[in-house]
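1. model this:
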Amino acid sequence: MTRESWEQRLRGLEDSAVASVSGATDLESLEAVRVDLLGRKGRLTGLLKGLKDLTIDDRKTLGPQANRLRDEVARLIEDRRTSLERAAIDAELASVSLDASLPPRDLGLGRRHPITKTIEDMAGILSRLGFAWADGPRVESDRYNFTALNIPEDHSARDMQDTFYLENGQLLRTHTSPVQIRYLEKHAPPVRIMAPGRVFRHEAEDAGHAAVFHQIEGLYVDRGVTMADLKNTLSVFMKGLFGAQTKIRMRPSYFPFTEPSAEVDVQCLLCKGDGCSACKQSGWMEMLGSGVVNPAVLKGVGLDTEIWSGFAFGVGVERIAMLRLGIPDIRMFYENDLRFLRQVGA
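-> Predicted structure coming up:
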């Protein structure tokens with residue numbers, strides 16, 4: 001191939017390429033043009049391969065011209081492809097009756113589960129009182145769940161009727177109190193923590209009981225902590241949950257890990273203390289257990305009980321949620337009835 005014939009073919013391709021690209025009426029015909037010009041056996045590709053038959057000086061002069069034409073053809077093809085794709089979309093939209101002013105469909109956004117919302121509310125109140133969030137494992141050892149909390153070996157809570165034991169000798173925690181022990185082992189007082197979490201009890205389920213439920217434990221250890229500090233904290237906590245007019249009372253009780261211990265009642269939210277069927281005519285509703293941390297528990301984690309003292313309390317989340325929302329049956333929280341969850345979810 002001579003230089004003159006090569007240049008003639010290049011000019012011919014330059015004239016026909018623009019016409020071929022602009023004449024493509026759809027993507028299929030445009031692809032055929034691309035293959036004809038730039039494919040492995042395309043005309044422009046073949047012309048570039050023909051440079052090897054020319055002298056070095058001719059290749060230096062004519063090669064850049066062919067490369068510029070190749071780049072220009074590629075740009076024209078891409079522009080034409082974009083134009084054809086846009087035209088195809090416009091044609092499809094034109095064939096569909098679409099009213100852009102119509103309101104969108106309701107996406108049916110989810111809500112937070114009432115138990116989740118109740119935990120957030122309870123934790124929010126306690127955090128404002130200075131309690132930090134602490135967490136621990138759900139699968140526990142006998143030591144953390146019982147022994148370290150001063151629960152004797154003959155205590156009924158250790159029976160298989162009340163506790164889920166695993167084959168490896170461990171168990172599903174029956175309360176979140178083990179978190180307190182784990183925290184005190186790693187952190188020197190003063191400490192002020194709350195331990196929300198799921199707990200497990202081997203018991204029959206009914207309107208007021210569940211085998212799996214949630215608790216929030218509170219623990220405060222410092223110098224000179226007394227029962228008065230506990231009462232003041234719980235009074236603020238209950239008022240934050242049920243309103244500023246909420247009244248509480250404390251009744252002597254027994255828990256192995258606190259001494260003295262107290263059950264805490266809230267004045268009935270329905271009858272305001274006058275007596276009704278919900279509070280069994282007493283005017284009060286049992287709410288939680290609490291007390292001053294037993295010195296044996298503090299000694300077990302290496303604390304000097306002549307210096308440090310504290311209080312602890314534990315409350316069921318589901319019970320609080322049932323009272324705040326007026327839910328008569330604890331099982332409703334876990335039946336996954338969307339009508340119920342839409343009504344009480346947040």
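2. ok, which stretches of the stretch 51-200 of the chain are strands?
-> 132-133, 139-140, 171-172, 191-200 (DSSP state E, counting those that start in this stretch).
3. got the phi/psi numbers for Phe213?
-> Summarising the backbone geometry of Phe213 under the convention degrees, to the nearest 10, its torsions are phi -150, psi -170.
4. Dump the strands of the stretch 51-200 of the chain to CSV, plus mean pLDDT and mean neighbour count.
-> C-beta here means a position set from N, CA and C on the backbone, and glycine is covered the same way. Formatted as CSV, these follow (pLDDT from 0 to 100; neighbours: other C-beta atoms under 10 Å):
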stretch, mean pLDDT, mean neighbour count
strand 132-133, 96, 12
strand 139-140, 94, 18
strand 171-172, 93, 21
strand 191-200, 95, 20
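5. Which of the ones you listed sits closest to Cys276?
-> With C-beta to C-beta, the closest approach to Cys276 among the strands of the stretch 51-200 of the chain belongs to strand 191-200: 29.9 Å.
6. what lines up beside that closest one in the sheet?
-> According to DSSP bridges, strand 191-200 forms sheet pairs with strand 132-133 (parallel), strand 212-223 (antiparallel).
7. what's the burial count for Lys299?
-> 12 (other C-beta atoms under 10 Å).
8. what about the spatially closest residue to it that is not a sequence neighbour, how many neighbours?
-> With C-beta to C-beta, 6 or more residues apart in numbering as the measure, Thr305 is the residue that lies nearest to Lys299, at 6.1 Å, once sequence neighbours are left out. Taking other C-beta under 10 Å as the neighbour definition, Thr305 ends up with a count of 14.
9. picking up where we left off before, export the strands of the stretch 51-200 of the chain to JSON lines and append columns for distance to Val18.
-> Compiled in JSON lines, these are given as follows (distance: least, C-beta to C-beta, whole Å):
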{"stretch": "strand 132-133", "distance to Val18": "70"}
{"stretch": "strand 139-140", "distance to Val18": "75"}
{"stretch": "strand 171-172", "distance to Val18": "78"}
{"stretch": "strand 191-200", "distance to Val18": "72"}
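10. Out of the ones you listed, which is closest to Val266?
-> Using C-beta to C-beta as the criterion, the shortest distance between Val266 and the strands of the stretch 51-200 of the chain is 18.8 Å, found for strand 191-200.
11. Tell me how far the closest one lies from the chain's centre.
-> 18 Å (C-alpha atoms, centre = their mean, to the nearest Å).
12. Identify all contacting residues around that strand.
-> If you take C-beta atoms under 8 Å, 6 or more residues apart in numbering as the criterion, strand 191-200 is touched by 119, 122-123, 126-127, 129-136, 138, 164, 172-177, 179-180, 183-184, 211-222, 317.
13. and with 7 Å instead?
-> 119, 123, 126, 130-136, 138, 164, 172-176, 179-180, 183-184, 211-221 (C-beta atoms under 7 Å, 6 or more residues apart in numbering).
14. Check stretch 240-255 too.
-> Counting by C-beta under 7 Å, 6+ apart, the neighbours of stretch 240-255 from elsewhere in the structure are 121-122, 125, 231, 234-235, 238-239, 260-267, 269, 284, 289, 291, 320, 324.
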